[in-house]
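Peer 1: Structure for this input, please:
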Amino acid sequence: MRRPYALCLFACAALAAQAADAPSIRLIPIGKPAITLDSAALAAMPRTTVQAGAHGAAPSAWEGVSMLDLLRRADAPEGQALRGRGLASFVRVTASDGYQVVFSLGELDAAFGATKVILADRHEGKPLEAKEGPFRLIVPGDSRSARWEHGVISIEVVDGGTTTRAPRKTD
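Peer 2: Alright, predicted model coming up:
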């Protein structure tokens, strides 16, 4: 009678450990609880592929989820709703080594800068190598690849604060 119980406990512990080790990122919206997205959740989102090369390498295929789709999931303002205070807001992406990069919401929005950014999990049809992944930013339009962050662990939408205007000079 004890063996099935012990076997069940062992199996449950193994599944819990596997789930804890599953690659994931934290998507942190403004004023809402963080959302954890694992590989399966990201694979279920709309996928996009870009051709891009870094450090003089020939362009190759990177596949993942568009930053715009991730921002939609975080309820970030876009299109006509992106104005005023929203234009001062930004996206901070953090890697496992503490490296961070920033994008403005206006820079990413299709109606403004339309900078294409993807959170890649595949390169040339294969999962990313350990040194690159499990998730990596790809910014095909950047002349330098400094924002091609590897080991991404969080994407945070940060409120830019209140909109202020410089006092007008009167003569």
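Peer 1: how about low-confidence regions in the chain?
Peer 2: 1-21, 162-171 (pLDDT under 70).
Peer 1: Just the helices from the chain, written as ranges.
Peer 2: Taking DSSP state H, the helices of the chain run over residues 2-21, 39-44, 67-73, 105-108.
Peer 1: mind listing what's buried in stretch 76-88?
Peer 2: 76-78, 82, 86-88 (16 or more other C-beta atoms under 10 Å). For every residue, glycine as well, the C-beta is placed using N, CA and C.
Peer 1: And that stretch, end to end?
Peer 2: One end of stretch 76-88 sits 12 Å from the other (C-alpha to C-alpha, to the nearest Å).
Peer 1: One more: stretch 50-57?
Peer 2: Counting by C-alpha to C-alpha: the opening and closing residues of stretch 50-57 are 14 Å apart.
Peer 1: Give me the contacts around it.
Peer 2: With contact meaning C-beta atoms under 8 Å, 6 or more residues apart in numbering, stretch 50-57 is reached by 59-62, 116, 118, 138-140, 145, 148.
Peer 1: Of the buried residues of stretch 76-88, which pair is most distant in space?
Peer 2: Greatest spatial distance among those (C-beta to C-beta): Glu78 and Ala88, at 14.9 Å.
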